[in-house]
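K.L.:
below is the sequence, then the predicted model.
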Amino acid sequence: MPTLEKLPNLMILHLKYHNWTKLTCTAEGFPLLEVLVLDMLYCLKELEVEEGAMPMLKGLQIKECCNQFTVPERLRSIPDSNNLNWEWDWAEQQMSVSITHAVPSWDDVVVAYEPVWAIGTGKVTTPQQAQEVHVAVRDWLKKNVSPEVASKTHIIYGGSVNGSNCAELAKKEDIDGFLVGGASLRGPEFATIVNSVTSKKVAA
Ligand SMILES: O=C(CO)COP(=O)(O)O
């Protein structure tokens, strides 16, 4: 936390699998953080958030942290990040933060859209919702970089992709591929996912 909380542009933080017993966020910590997920922190006994820390927090999820610890008063009114409906807001802000700096070659860039609530949860976004975000990312590239880069850049989706949902997602015009986690460990299923993206959809 002492290092992470000083990152000036960090907006989404998913902390998973660690044996921390106490997490402390100091008063100036996480100035732009909007979503915090504490996941499988089995040893966590104390979460201390000083007054003024995480001033932009809009979504919080605490899952599979088996010790009962007291959630600080200010965080109790923060909505579950699963219920947030501002996917494109996030995507746009993240694009701005990460891409306003020079990219040496757009040929080497792949943009991945991964809703934080879909990562490793078994909850996948709907193809329609993913398509909307991918279109918005492509439009952003068109306006802020160039139409050529927008048409050539692969925009891939990640978050609970599996052998059963990949075909419907892959049908969407602006979903150019997948970022696969858990299902990549199951060979035949991974092959199904790879084969579901049958053609390169972006311009050559
Ligand atoms: O984080 C991921 C890939 O980087 C996605 O993981 P899952 O496919 O297990 O949700």
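P.N.:
Noted; the coordinates are in hand. Numbers count the residues shown, from 1 in each chain.
K.L.:
going by C-alpha atoms from here, please, whenever you check contacts or count neighbours.
P.N.:
OK.
K.L.:
mind giving me the domain split of the protein?
P.N.:
Domain segmentation of the chain under automatic domain parsing yields 1-88, 90-204.
K.L.:
got JSON lines for the ones you listed, with mean pLDDT too?
P.N.:
Compiled in JSON lines, those are given as follows (pLDDT from 0 to 100):
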{"stretch": "domain 1-88", "mean pLDDT": "85"}
{"stretch": "domain 90-204", "mean pLDDT": "87"}
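K.L.:
can you list the ones you listed in TSV and add mean neighbour count?
P.N.:
Output for these, formatted as TSV (neighbours: other C-alpha atoms under 10 Å):
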stretch	mean neighbour count
domain 1-88	16
domain 90-204	17
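K.L.:
look up phi and psi at Asn67.
P.N.:
In terms of degrees, to the nearest 10, the main-chain angles of Asn67 are phi -70, psi 140.
K.L.:
the ligand is nearest to which of the domains of the chain?
P.N.:
The ligand lies closest to domain 90-204 among the domains of the chain, at 3.4 Å (C-alpha to the nearest ligand atom).
K.L.:
which parts of the protein are helices?
P.N.:
87-99, 127-144, 147-152, 166-170, 187-196 (DSSP state H).
K.L.:
using CSV, write out every CA atom in the shortest one.
P.N.:
Right, helix 166-170. Output of helix 166-170 as CSV, limited to C-alpha atoms (Å, rounded to 0.1, in the frame of the first residue of the first chain):
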residue,chain,number,x,y,z
CYS,A,166,-17.0,-16.9,-26.4
ALA,A,167,-18.9,-17.6,-29.6
GLU,A,168,-21.6,-14.9,-28.9
LEU,A,169,-19.0,-12.4,-27.8
ALA,A,170,-16.8,-13.1,-30.9
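K.L.:
which other helices and strands does it contact?
P.N.:
Judged by 3 or more C-alpha pairs under 8 Å, 6 or more residues apart in numbering; DSSP states H and E, the packing partners of helix 166-170 are helix 127-144, helix 187-196.
K.L.:
for the last one, same thing?
P.N.:
With contacts defined as 3+ C-alpha pairs under 8 Å, 6+ apart, the packing partners of helix 187-196 are helix 166-170.
K.L.:
export the domains of the chain to JSON lines and tack on distance to the ligand?
P.N.:
Conversion of the domains of the chain to JSON lines gives the following (distance: least, C-alpha to the nearest ligand atom, whole Å):
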{"stretch": "domain 1-88", "distance to the ligand": "10"}
{"stretch": "domain 90-204", "distance to the ligand": "3"}
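K.L.:
residue boundaries of the strands in this structure?
P.N.:
Using DSSP state E, the strands of the chain run over residues 12-16, 22-25, 35-39, 46-49, 59-63, 110-113, 154-158, 178-179.
K.L.:
ok, which of the ones you listed comes nearest Gln128?
P.N.:
strand 154-158 (12.1 Å; C-alpha to C-alpha).
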